[in-house]
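Student: here's a sequence, model it:
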Amino acid sequence: MRSQVTFRGGKSNKGSPAFRFLVVYWVFECTISDLLLTVMSSFVRWFLNLWIILVNIMNFCLGQALPFQVNELKFGEGQLIGQLVSATGTPVAGGHLVLLRLDSSLVKITASDSLGRFAFFKLVNGSYIIRASKVGYATVVRPVTSTDTLTKQPITITLQTQTQNLDEVTIKEKRPLFEILGDRIVLNVAANPVLSAGSTFDALGAVPRITTNAVNKTISVDGKNGIILYQNGRQLYLTPDQIYTYLQSLPANAIARIEILTSPSAQYDAGSSAIILLFTKTLTTDGFAGEASLSTGFGRYEKANGSVNLSVRLKKVQGSLQYEPTYRPTYFSWNSEQRLGQTKFSQNERVNSREFNQVSFFSHLVRTNWEWFVTKSITVGSVLQASWISGQDRPSSTITYLTSESVRPRVQLESATQFRERITNVAANFNVRKQFNNQTSLSSDFDVARYINNSISTAHFTPIAQDKLSTESVRVFYPNNVWIRTAKLDLTTRAGSKGQLELGAKYSSVSMDNVPSLNQYSPSFSSLIPLLAKSYVYNERIASAYGNVAYKWSVWSVQAGLRIEHTNYEGVAGQTSNMRKNYLNFFPSVSLEYATPQKHQITLSANRRIVRPGFDLLNPAYIFYDPLTLYSGNPSLLPQLTTTLQGVFTTAKRLSVAVVYSDTRNRIAEVVYRLDSASASTVDHNINFDWEKRLAVTLTVPIKVSKAWLLQAVGTAAHARFYSTFQDTPTLLGQLTATFRLNNQINWKKWSGNFNFVYRSKAVVGYMYYDPLWYVDLGVQRSFGEQSSLKLTATDIFHTFLITNYGRYLNTDIIFRHRIESQKVLLTYSFRFGNKKAKQLQNRNFGSESEQERLGGKK
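Tutor: Predicted coordinates:
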């Protein structure tokens with residue numbers, strides 16, 4: 001809606017960006033590590049004791065039923081376990097595995113799960129033949145012996161991408177930009193030069209059914225805000241604003257692929273509209289491998305980012321280190337016009353505002369992940385992630401206020417604001433996994449995260465008149481401290497001969513305090529001191545448990561689960577305002593999948609999810625955007641509950657149709673409205689709409705134009721309706737929106753290129769309508785063997801990305817025109833070193849992702 005006068009990190013343009021860009025961040029990481037170890041010690045103690053008790057119980061129960069020692073095996077109890085992976089090391093889900101005797105007679109058939117794992121049980125010890133296959137991959141046939149896997153590590157079967165012979169020219173199959181599957185959308189970042197040169201936030205904007213908004217710093221899936229972010233299998237804990245900042249600071253060139261879970265199972269926290277999984281180019285093999293990249297370019301300002309990924313694997317330990325510095329200054333500009341009267345614009349009072357915000361952004365990100373194989377059945381791991389962000393917003397605006405007064409019919413104000421921010425984020429995870437048998441495991445995670453955000457806002461407001469010029473100013477210091485602690489247990493075991501059962505529990509604790517102080521202010525701000533300096537303390541406790549069962553027979557697969565979450569929170573604003581809430585929610589999920597003989601796939605799913613208000617969205621303190629615009633949180637916000645029904649049909653040639661219907665109650669949406677009809681001052685506020693109902697159909701059609709040219713056309717038609725009784729005024733808004741994407745991939749020898757076109761028609765969100773927009777991106781890549789590549793990207797080449805939104809509701813009639821730094825040219829060079837046969841290492845994620853995702857909102 002309206003750009004916030006805040007920023008998320010950055011550096012000033014003064015000095016040498018290149019020198020700052022190469023500063024090493026090791027001292028910072030070590031210092032924070034010591035701090036976290038001290039804090040974690042007491043909380044870890046009781047958690048590990050509980051985990052040890054559960055392990056002993058599981059050992060006692062399962063040890064009698066499924067003995068794991070080789071010398072205890074009886075005739076007919078042999079087993080084969082393993083994992084199906086692609087040539088890049090990523091798990092291959094849904095692979096077809098057939099176990100044959102040496103005379104080719106059939107023994108058993110199974111399929112790999114979402115992590116590529118498979119298992120055959122109750123086998124007579126001896127030799128067999130295993131055949132693995134999947135559409136798009138070459139079939140693999142290899143001999144195996146059932147007893148081998150009991151004394152060695154599980155077997156790994158690698159599927160090579162299918163090669164096709166066309167007109168006597170062998171071409172390796174190129175995966176499309178994205179794939180729409182039954183429960184997820186997969187974005188193949190590594191194969192697209194247009195995406196890999198920018199940030200991960202930019203890459204997400206290319207995904208069907210996802211909308212990114214750099215002005216409001218939001219990401220929505222199927223029209224709903226609120227996401228949970230995972231990286232390499234572990235949940236991150238970031239606020240909505242911090243998710244935006246993190247994805248902007250994470251170069252897309254460091255990402256191999258992104259998966260968006262549109263219908264998550266009960267295993268995932270219910271506090272989001274969708275789950276986004278990031279998989280970085282972390283490498284591993286027996287030995288050492290790594291990859292480094294550097295991007296530089298310009299839009300309105302010069303910018304640069306880099307990434308270094310190192311991986312090592314030994315017999316008993318494997319680990320990785322990721323370091324990513326980013327220097328990305330940018331800008332936001334907007335014009336707004338507000339009518340104050342009730343007739344035509346030209347005949348009534350109105351306010352015009354023109355603003356330009358120069359934003360500097362400089363960040364360091366360090367992440368390290370280690371796993372120790374203590375025994376064949378016990379793995380201990382840790383993840384440490386630290387980031388430091390420095391930035392500054394410098395918005396300046398001119399506001400013209402046309403009144404009906406004859407004495408002063410025109411009032412003009414000049415506004416200059418400076419918002420400096422220093423953010424230190426540190427998160428650590430400790431995890432233990434116990435494998436009791438080939439399909440039963442117990443894992444535990446403990447997470448602790450600390451976020452320190454020290455910000456200083458300085459604003460100068462100058463009314464301009466012919467006789468005099470006076471300036472009013474205010475300077476506010478915003479210290480924000482957040483602690484997050486989570487603990488969770490997850491059990492996975494067999495359910496019958498072809499099923500899998502998942503059980504788990506989680507407890508999270510969040511505490512936040514923000515005590516603003518005014519360093520200096522003009523006398524005219526005296527009456528606003530109680531609002532601007534109002535403190536806010538927030539404490540939240542969430543306890544949850546889930547159960548999920550999956551079963552597969554013949555061509556059918558079914559999954560059903562239930563998650564229960566109990567939430568208790570208390571928010572205290574100032575000395576008197578106290579808001580407490582305590583509620584219990586149930587979140588069922590179910591999915592049914594059918595595979596036809598023609599290898600088509602039909603998936604039907606339903607789930608219920610919740611989006612809790614961001615912590616800062618509940619803070620009732622006021623913040624100045626400009627002299628006539630205030631922001632205030634809403635302590636009365638209710639959680640947003642969404643029920644979603646989804647059906648997806650996919651063919652073997654990747655043509656797909658997805659139909660999604662969602663019914664959302666207490667829909668959280670932003671609104672700008674006048675404080676009263678006699679004033680031009682507006683407040684930026686979040687409210688609960690009574691409901692939102694949305695029906696969307698997405699059609700994806702891949703077209704093979706030629707041997708080297710793949711065209712992927714995607715069209716989405718969505719009808720959304722919003723209903724609100726805010727301020728006792730019933731309002732119903734609706735709009736049919738069409739989105740059309742054309743993604744072209746062209747390959748010629750060592751060259752590849754992309755041409756992407758996006759168009760979106762008129763849309764509605766809350767009270768605001770959005771005008772149509774379109775843009776075109778280009779990219780080209782040159783490979784130099786398997787070791788290095790060079791990519792050139794140009795985004796929004798016609799500079800058409802202009803966001804215009806407007807609304808007429810309550811006592812407000814307003815229009816905004818936003819422009820961001822969408823037009824950029826970037827050059828990226830990547831170099832791979834170490835072992836050339838390195839495969840991707842599947843790291844773990846943080847377990848406190850949903851709590852971190854809600855830390856921010858509005859400042």
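
Student: only C-alpha atoms for contact and neighbour calcs from this point on.
Tutor: Noted.

Student: specify the beta-bridge partners of F755.
Tutor: With beta bridges defined as DSSP bridges, F755 has these partners: N744, L778.

Student: which residues touch it?
Tutor: If a contact means CA atoms under 8 Å, 6 or more residues apart in numbering, then F755 has 194, 742-745, 776-779 as its contacts.

Student: show me where the stretch 151-300 of the chain has its helices.
Tutor: Counting by DSSP state H, counting those that start in this stretch, residue ranges of the helices within the stretch 151-300 of the chain are 193-196, 200-204, 240-249.

Student: can you give the distance of the longest one from its chain's centre?
Tutor: Its chain's C-alpha centre lies 9 Å from the corresponding centre of helix 240-249 when counted by CA atoms, centre = their mean, to the nearest Å.

Student: same for it, what does it pack against?
Tutor: Contacting helix 240-249 under the criterion 3 or more CA pairs under 8 Å, 6 or more residues apart in numbering; DSSP states H and E are the following elements: helix 200-204, strand 218-221, strand 317-327, helix 849-853.

Student: give me the contacts around the first one.
Tutor: Just to be clear, that refers to helix 200-204. Under the criterion CA under 8 Å, 6+ apart, residues 189, 195-196, 210, 212, 244, 247-252, 255 lie in contact with helix 200-204.

Student: please redo it, this time with the cut-off set to 10 Å
Tutor: Residues outside helix 200-204 that contact it (CA atoms under 10 Å, 6 or more residues apart in numbering) are 187-189, 192, 194-197, 210-214, 217-219, 243-255, 258, 260, 276, 278, 795, 822.

Student: hey, what's S473 bridged with?
Tutor: Beta bridges link S473 to H460 when assigned by DSSP bridges.

Student: whoops, K704 was the one
Tutor: L710.

Student: tell me who's in contact with it.
Tutor: Taking CA under 10 Å, 6+ apart as the criterion, K704 is in contact with 710-712, 745.

Student: can you check the pLDDT for it?
Tutor: The model reports K704 with a pLDDT of 88.

Student: one more: I529?
Tutor: Per-residue confidence at I529 stands at 79 (pLDDT).

Student: pretty sure it sits in a helix.
Tutor: Yes: the assignment for I529 (DSSP: H, G, I helix; E, B strand; the rest coil) places it in a helix.

Student: which residues touch the residue nearest to it when sequence neighbours are not counted?
Tutor: Ranked by CA to CA, 6 or more residues apart in numbering and with sequence neighbours excluded, the top spatial neighbour of I529 is L518, at 7.9 Å. Contacts here follow CA under 10 Å, 6+ apart; on that basis L518 touches 456-458, 474-478, 529, 532-533.

Student: could you do E291 as well?
Tutor: Applying CA under 10 Å, 6+ apart to E291 gives the contacts 254, 281-283, 307-311, 322, 787-788, 830-834.

Student: distance check, L261 against I210.
Tutor: In this view, L261 and I210 are 12 Å apart by CA to CA, to the nearest Å.

Student: any shared contact partners between those two?
Tutor: For the pair L261 and I210, residues contacting each of them under the criterion CA under 10 Å, 6+ apart are 185, 221.

Student: need the contacts of L518 in a markdown table with secondary structure, can you?
Tutor: What follows is the contacts of L518, written out as a markdown table (three-state DSSP):
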| residue | secondary structure |
| --- | --- |
| I456 | strand |
| S457 | strand |
| T458 | strand |
| V474 | strand |
| R475 | strand |
| V476 | strand |
| F477 | strand |
| Y478 | strand |
| I529 | helix |
| L532 | helix |
| A533 | coil |
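
Student: out of these, which are buried?
Tutor: 456-458, 474-478, 532-533 (16 or more other CA atoms under 10 Å).

Student: K762 and W774 touch, don't they?
Tutor: No: counting by CA atoms under 10 Å, K762 stays clear of W774, with 11.2 Å between them.
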